[in-house]
Structure formats: C-alpha cells, structure tokens
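Asker: Provide a 3D model corresponding to the input given below.
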Amino acid sequence: MENPHDMKVNFTLFICLLSLSPFTTNAQKVSKLTITDNLNMTGRFTLGKPKPEAPKDTFYLLTEKGTQVLFYAELQNTDSVSLVHPALKFTAYKDQNGKSEWVVDKIIDVKQDATYVMTAFNFFTTGAFKIIITPEESKDVLAQGDFTITK
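Answerer: Residues are numbered from 1 along each chain as shown. Just a heads-up that it's a prediction; the model follows:
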C-alpha cells in the first residue's frame, strides 16, 4: 500500500499540471477594428470602457510632429483549445508602388478577459497605409484595415 503522504504529493502535482494545461484557456478574437483619430469625448471621463470616435479612412498631415492615428480593437473571448494571445502586435505598412513597406509596430499586452485593446501611432508622411493585428508570436491575421494620410 502507498504511503498517504506520497498520495497527497502525487495528487497535488496532478492538480498543478492540470491547471497549466492549455485545454482550459480562452483565445481572443478581434470582432471589430476601428481606425480613428481620438476617443469619444463623452466617454473619456467615465469609469467604463472607452469608446472611439467614428471610424475614419482619411487623415490630414498637419505638422512636422506627425498625425496621430488611433487603432481600437474590440475583443471577443471564446472558449478554445488554442492558447491565449497574451500580447497582440499592431503593425503599420505603407503602400509603395504596390508593395507593402514596414513603417512601425507595437506589441500590446492583453489581459485574458479584456474586451478591447487600443494603441496609436504617429505618421510623418502622406500615402496609403494599412494596419495588421496579429498575435505577438504568430503571422495569423486577426484584423486589418486601410487608411490614407494626405495634406
């Protein structure tokens, strides 16, 4: 017969391993991507979830400091066998004669139960751009959008 202490250790080890299992996690999906220039003023000073301004697809280059573009992604948590995306990568590309040229990227940490994630970039040139959202360590595109910066 097994020692009761050994049985306790084995059971504790089993529970610890089970809690680390990827079969009980959630995966985020981007349900909506809003490209805009600011947060909605009415929701700025509340304790709730911030709301973006109406979507825009054209922005104006105003100064040498650049033009800020805000990317607001609404997340939908789903039960899944896949691993959680602990961070999302926002990557901006500029269209150069039909080829996508990398401009800037940023990795944003995401809580498992988050309902949104947002970031903003400053752009210093005019042209056609696109933003792509992927998990940090994957090429799987979760969302993408196009916008233009003009003078």
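
Asker: Tell me which residues are up against stretch 91-105.
Answerer: By Cβ atoms under 8 Å, 6 or more residues apart in numbering, the surrounding residues in contact with stretch 91-105 are 89-90, 121, 123, 125, 127-134. Yep, even glycine has a C-beta here, placed from its N, CA and C like the rest.

Asker: Go again with 10 Å.
Answerer: With Cβ atoms under 10 Å, 6 or more residues apart in numbering as the test, stretch 91-105 has contacts from 69, 71, 89-90, 106-107, 119, 121-134, 141, 144, 146-149.

Asker: Then stretch 49-67?
Answerer: For stretch 49-67, the external contacting residues (Cβ under 10 Å, 6+ apart) are 32-44, 68-74, 114-116, 118, 121-127, 129, 145-151.

Asker: what about it, start to end distance?
Answerer: Separation of the first and last residues of stretch 49-67 by Cα to Cα, to the nearest Å is 25 Å.

Asker: What strand or helix carries the residue most central in space within the chain?
Answerer: By Cα atoms, centre = their mean, the mean C-alpha position of the chain lies nearest to residue 88, the distance being 4.1 Å. Using DSSP states H and E, residue 88 sits in strand 87-96.

Asker: cool, and residue 54?
Answerer: In the assignment (DSSP H and E), residue 54 maps to no helix and no strand.

Asker: Burial check on it, number of neighbours?
Answerer: Neighbour count for residue 54, taken as other Cβ atoms under 10 Å: 9.

Asker: how much space between it and residue 95?
Answerer: Noted for residue 54: a distance of 24 Å to residue 95, by Cβ to Cβ, to the nearest Å.

Asker: Do a quick rundown of the strands in the protein.
Answerer: Here the chain has its strands, by DSSP state E, at 26-36, 58-60, 67-79, 87-96, 99-109, 116-123, 127-135, 143-150.
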